[in-house]
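>>> Here's my sequence, what's the structure:
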Amino acid sequence: MSSTASTTEDEPATRAVVRRPRALRALWLLVLLSVVIGLSWASVAIGTRGVSWSDITAALGGATETWQQAAVATRIPRTFLALLVGAALAVAGAALQGVTRNPLADPGILGINSGASLAVVVGIAWFGLTSPTGYAWVAMGGAAVTAVAVYVIGSLGSGGPTPLKLALAGAATMAALTSLISAVVLPRNDIADAARSWEIGGVGGATFERTAQVLPFFVLGFLICLFSARGLNLLALGDEVAAGLGERVAIARAIPALGAVVLCGSATALAGPITFVGLVVPHLCRLLVGPDHRWLLPFSALTGAGLVTAADVLGRVVARPDQIDVGIVTALVGAPFFIAIVRRQKVKEL
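A predicted model of the protein is given here:
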């Protein structure tokens with residue numbers, strides 16, 4: 001097949017997944033940006049006690065003279081981490097759903113976050129890991145091994161890796177890994193309290209110094225997934241069609257899967273295993289902008305950032321003066337959504 005013919009056939013294939021007018025997408029983009037900005041302000045302003053706009057501006061200028069300004073100074077890196085983790089998990093979920101053509105794909109449901117968590121806990125307990133960069137490396141390794149294992153297990157038997165089989169394999173793997181995490185943590189009283197709090201998933205205690213150490217991994221994961229959008233669009237047409245259009249199917253699957261693993265490992269290293277963000281957000285974004293991954297991935301990043309930030313704010317509001325971690329809030333929101341998707345008989349694949 002000549003390059004001219006390939007390009008001619010390639011463009012209609014890519015256009016086939018574009019189902020929303022550009023003007024409508026641009027409008028939703030402005031709406032999402034406004035919502036995320038509003039949630040970011042709320043995350044900085046709302047806590048055990050509220051703060052004024054003057055305190056926020058003073059803290060942004062580096063002032064920490066009053067407790068209000070000091071509170072803002074701690075909430076700003078927390079808000080940044082919530083935005084970053086939410087975007088990472090949502091983009092990872094969208095990429096995994098595109099790679100597997102599985103509407104139930106989510107880093108938490110498939111056990112990938114649990115694999116990353118186990119690797120970090122083992123690194124802390126047995127190898128004395130303390131740096132966020134070290135957490136990120138071992139988390140990505142654990143996420144990668146778990147992703148491959150779940151896919152292999154879900155591919156056994158007739159029918160190959162169906163959505164239901166992958167979800168069941170992921171759930172079983174997640175349960176096993178969670179038990180292993182407890183087995184590693186329980187004998188270690190010196191790390192037990194911190195590990196239990198981290199296993200729930202949250203963004204409390206964030207600092208710019210720790211986040212900056214893992215930020216390059218986030219950037220790498222985002223870039224890999226975004227540059228894989230065209231291949232994911234072709235995979236949505238089916239492996240045979242994608243191969244006929246000149247796409248190397250194995251590579252088209254492996255590259256975005258690698259990006260998703262990098263994002264999951266990075267997010268888990270800093271915030272612990274936060275589930276259901278990668279499941280809920282891509283489905284919502286498809287309703288807004290359609291299945292074109294060139295739009296779906298950026299919209300998922302914005303929506304995921306807003307969802308985790310909103311969950312963090314909600315957890316602070318409903319339990320004052322205490323707080324509920326983000327992982328609990330997203331589980332309460334995502335579990336009914338997951339059940340609804342499973343009960344939809346028509347949803348077999350993307």
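>>> which residue packs closest to the most centrally placed residue in the chain, ignoring adjacent ones?
Against the mean C-alpha coordinate of the chain, by C-alpha atoms, centre = their mean, the closest residue is residue 89 at 0.5 Å. Spatial nearest neighbour of residue 89, excluding adjacent residues (C-beta to C-beta, 6 or more residues apart in numbering): residue 277 at 4.1 Å. For the C-beta atoms, the positions are set from N, CA and C on the backbone; glycine is no exception.
>>> In which helix or strand does the residue nearest to the centre of the chain reside?
helix 67-100 (DSSP states H and E).
>>> so what does that helix touch, helix or strand wise?
Here helix 67-100 touches helix 22-45, helix 53-60, helix 208-227, helix 229-235, helix 249-271, helix 277-289, helix 293-318, going by 3 or more C-beta pairs under 8 Å, 6 or more residues apart in numbering; DSSP states H and E.
>>> Let me have those helices in TSV, adding mean neighbour count as columns.
Output for the helices and strands packed on helix 67-100, formatted as TSV (neighbours: other C-beta atoms under 10 Å):
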stretch	mean neighbour count
helix 22-45	15
helix 53-60	16
helix 208-227	18
helix 229-235	23
helix 249-271	25
helix 277-289	24
helix 293-318	24
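>>> ok, residue 236 - how many residues close by?
20 (other C-beta atoms under 10 Å).
>>> Residue 81 versus residue 234, what's the distance?
Distance of residue 234 to residue 81, given as C-beta to C-beta, to the nearest Å: 34 Å.
>>> Give me the buried positions along the strand or helix carrying residue 336.
Following DSSP H and E, one finds residue 336 within helix 326-343. Under the neighbour-count criterion of 16 or more other C-beta atoms under 10 Å, helix 326-343 has 326, 327, 328, 329, 330, 331, 333, 334, 338, 341 buried.
>>> which residues does the first one contact?
Under the criterion of C-beta atoms under 8 Å, 6 or more residues apart in numbering, the contact partners of residue 326 comprise 82, 201, 202, 203, 271, 274, 308, 311, 312, 315.
>>> ok, now with 6 Å
Counting by C-beta atoms under 6 Å, 6 or more residues apart in numbering, residue 326 touches 201, 202, 203, 274, 308, 311, 312.
>>> From residue 336, how far out is it?
17 Å.
>>> any low-confidence regions in this protein?
Counting by pLDDT under 70, the low-confidence segments of the chain come to 1-20, 50, 59, 61-65, 67-69, 194, 197, 342, 344-350.
>>> separation between the nearest residue to residue 232 once chain neighbours are set aside and residue 236?
Leaving aside its chain neighbours, residue 232 sits nearest to residue 98 (3.8 Å; criterion: C-beta to C-beta, 6+ apart). Between residue 98 and residue 236 the distance is 7 Å, computed by C-beta to C-beta.
>>> in terms of contact, does residue 313 touch residue 42 like I think?
Yes. The criterion here is C-beta atoms under 6 Å, and residue 313 meets it with residue 42 at 5.3 Å.
>>> one step back: tell me which helix or strand comes right after the helix holding residue 89.
Next element after helix 67-100 (DSSP H and E): helix 112-127.
>>> Residues contacting that next one, please?
Contacts of helix 112-127 (C-beta under 6 Å, 6+ apart): 107, 129, 135, 138-139, 141-143, 146-147, 174, 177-178, 180-181, 184, 188, 191, 195, 264-265, 268, 273.
>>> Go ahead and confirm residue 208 touches residue 79.
No. Here residue 208 lies out of contact with residue 79, judged by C-beta under 6 Å, at a distance of 11.2 Å.
>>> which stretch among the helices and strands packed on helix 67-100 comes nearest residue 153?
helix 249-271 (15.9 Å; C-beta to C-beta).
>>> so the nearest residue to residue 315 once chain neighbours are set aside, which of the three states?
Counting by C-beta to C-beta, 6+ apart, residue 315 lies nearest to residue 324, which is 3.7 Å off, once chain neighbours are set aside. Following DSSP: H, G, I helix; E, B strand; the rest coil, residue 324 is assigned to coil.
>>> what's the neighbour count on residue 324?
Number of residues near residue 324 (other C-beta under 10 Å) recorded here: 18.
>>> quick one: which helix or strand includes the closest residue to residue 168 other than its chain neighbours?
What sits nearest to residue 168 in space, not counting adjacent residues and going by C-beta to C-beta, 6+ apart, is residue 154, at 7.5 Å. Here residue 154, judged by DSSP H and E, is contained in helix 132-155.
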